[in-house]
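K.L.:
sequence first, then the predicted structure:
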Amino acid sequence: MSEKNENFGGHLIDDTGLHKSNKKVQITIFVGACRVVTVVLIALGIVALVAGNM
Amino acid sequence: MYNVKKRVYEVIEVSGIGDASSRAYDVMITTAVVVGLLPMTMKSESVYTKLIELFTSLLFFIDYCSRVYTADYKMGYKSVKAYIAYILTPLAILDLLSIIPVISLFLPGIGMIKLLKLFRFFRVFKLVRYSKTMIVIANVIRKVRTQLLAVLILITVYIFVSAMLIFQMEPDLFTSFFDALYWATISITTIGYGDISPVTSLGRMITMVSALVGMAVIALPTGIITAAYMNEINRKKSKYEL
């Protein structure tokens, strides 16, 4: 998503004068991080269950 | 201007439609709650259970700090009182209690510290936030809490009276009054393990009467909660019909 001449701290796209929003990137990073943590937790849970019942 | 605090509040609260960040956060915390309870299903601790404890406690700590940080949004007014009021809410207290078991990792084997592990159980209550039905039930219980408290007092008095009567009638059967209390609770709740049973006719008579009346007393909270729950459902139904 791009918006013109707004000071919200996005990237300036080369010579276009348009700012690329950081918001979408931030959301993607946050969602990705949450999913990674979720997967790590599930993996730890499965390993702990297997190790605890051997 | 972009309000970071408001956004943090939106993310940690139950996700709205189309809010991917909040949804991912909810899934992560729900998973952490479920995985955080797994060590309670095992006899001994392993390196994996310790990792789970450390990892989930860290997540819960961040979650707790975020909730306290955004307490003014949650409580609906901006003042120091909002933070204090939030910290004293039942869910915030349960959140804090659910972090405490991590202490047992750093101070292992010390008598009472071991008991802190039992506080992991409080993590279940974190799930209340993420279910609309659970929120309704929690509200219903809050509404009828005075009636429930009255019934709880009645049950406690009844158990004590039964225990006192049987303790006097069957002194050889019980080593202490606590045993009599245990017997009264097990009999009145209709569990009836049978490990302690009266032998004299008078003792049996007391048992019969206390069991019959006890059943009615024990059923009271169920009736109160069910009636209040049905009222809440009907109220919501009529609200939508209007």
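P.N.:
Yep, that arrived.
K.L.:
which parts of chain A are strands?
P.N.:
Residue ranges of the strands in chain A, as given by DSSP state E, are A:2-4, A:11-13, A:18-20.
K.L.:
check those strands for me: which has the lowest mean pLDDT.
P.N.:
Comparing mean pLDDT over the strands of chain A, the weakest stretch is strand A:2-4, at a mean of 46.
K.L.:
send the alpha carbons of stretch B:212-225 over as PDB?
P.N.:
As requested, C-alpha coordinates have been extracted for stretch B:212-225 and formatted as PDB (Å, rounded to 0.1, in the frame of the first residue of the first chain):
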ATOM      1  CA  LEU B 212     -30.900 -37.000  52.000                       C
ATOM      2  CA  VAL B 213     -30.900 -33.400  53.100                       C
ATOM      3  CA  GLY B 214     -27.300 -32.900  51.800                       C
ATOM      4  CA  MET B 215     -28.300 -33.900  48.300                       C
ATOM      5  CA  ALA B 216     -30.800 -31.000  48.200                       C
ATOM      6  CA  VAL B 217     -28.300 -28.500  49.600                       C
ATOM      7  CA  ILE B 218     -25.600 -29.600  47.200                       C
ATOM      8  CA  ALA B 219     -27.900 -29.200  44.200                       C
ATOM      9  CA  LEU B 220     -28.700 -25.600  45.000                       C
ATOM     10  CA  PRO B 221     -25.700 -23.900  43.300                       C
ATOM     11  CA  THR B 222     -26.500 -25.900  40.100                       C
ATOM     12  CA  GLY B 223     -30.100 -24.500  40.100                       C
ATOM     13  CA  ILE B 224     -29.000 -20.900  40.800                       C
ATOM     14  CA  ILE B 225     -26.400 -20.900  38.000                       C
END
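K.L.:
what residues of that stretch count as buried?
P.N.:
Of the residues in stretch B:212-225, B:214, B:217-218, B:220-221, B:224-225 count as buried by neighbour count, 16 or more other CB atoms under 10 Å in any protein chain shown. Placement of C-beta: from N, CA and C, glycine included.
K.L.:
now those as JSON lines including distance to residue B:140?
P.N.:
Converted to JSON lines, the buried residues of stretch B:212-225 look like this (distance: CB to CB, whole Å):
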{"residue": "B:214", "distance to residue B:140": "25"}
{"residue": "B:217", "distance to residue B:140": "21"}
{"residue": "B:218", "distance to residue B:140": "19"}
{"residue": "B:220", "distance to residue B:140": "15"}
{"residue": "B:221", "distance to residue B:140": "12"}
{"residue": "B:224", "distance to residue B:140": "10"}
{"residue": "B:225", "distance to residue B:140": "7"}
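K.L.:
and those residues as CSV, adding secondary structure, distance to residue B:182 and pLDDT?
P.N.:
Conversion of the buried residues of stretch B:212-225 to CSV gives the following (DSSP: H, G, I helix; E, B strand; the rest coil; distance: CB to CB, whole Å; pLDDT from 0 to 100):
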residue, secondary structure, distance to residue B:182, pLDDT
B:214, helix, 14, 88
B:217, helix, 18, 89
B:218, helix, 16, 89
B:220, helix, 22, 92
B:221, helix, 21, 92
B:224, helix, 26, 92
B:225, helix, 26, 91
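K.L.:
closest one of the residues you listed to residue B:146?
P.N.:
residue B:224 (10.2 Å; CB to CB).
K.L.:
any low-confidence regions in chain A?
P.N.:
Within chain A, the set of residues satisfying pLDDT under 70 comprises A:1-21, A:54.
K.L.:
which bits of it sit near chain B?
P.N.:
Within chain A, the positions lying close to chain B (CB under 8 Å from any CB of the partner chain) are A:8, A:27, A:30-31, A:34-35, A:37-38, A:40-42, A:44-45, A:47-49, A:51-53.
K.L.:
in the lowest-mean-pLDDT helix or strand in chain B, which residues are buried?
P.N.:
Of all helical and strand segments in chain B, the minimum by mean pLDDT, DSSP states H and E falls on helix B:111-115, at a mean of 73. By neighbour count, and taking 16+ other CB under 10 Å as the criterion, helix B:111-115 has no buried residues at all.
K.L.:
walk me through the domains of chain B.
P.N.:
B:4-130, B:146-241 (automatic domain parsing).
K.L.:
out of the ones you listed, which is the most enclosed?
P.N.:
For the domains of chain B, the stretch with the most neighbours on average is domain B:4-130, a mean of 16; neighbours defined as mean count of other CB atoms under 10 Å in any protein chain shown.
K.L.:
start and end of that domain, how far apart?
P.N.:
This stretch, domain B:4-130, spans 23 Å end to end (CA to CA, to the nearest Å).
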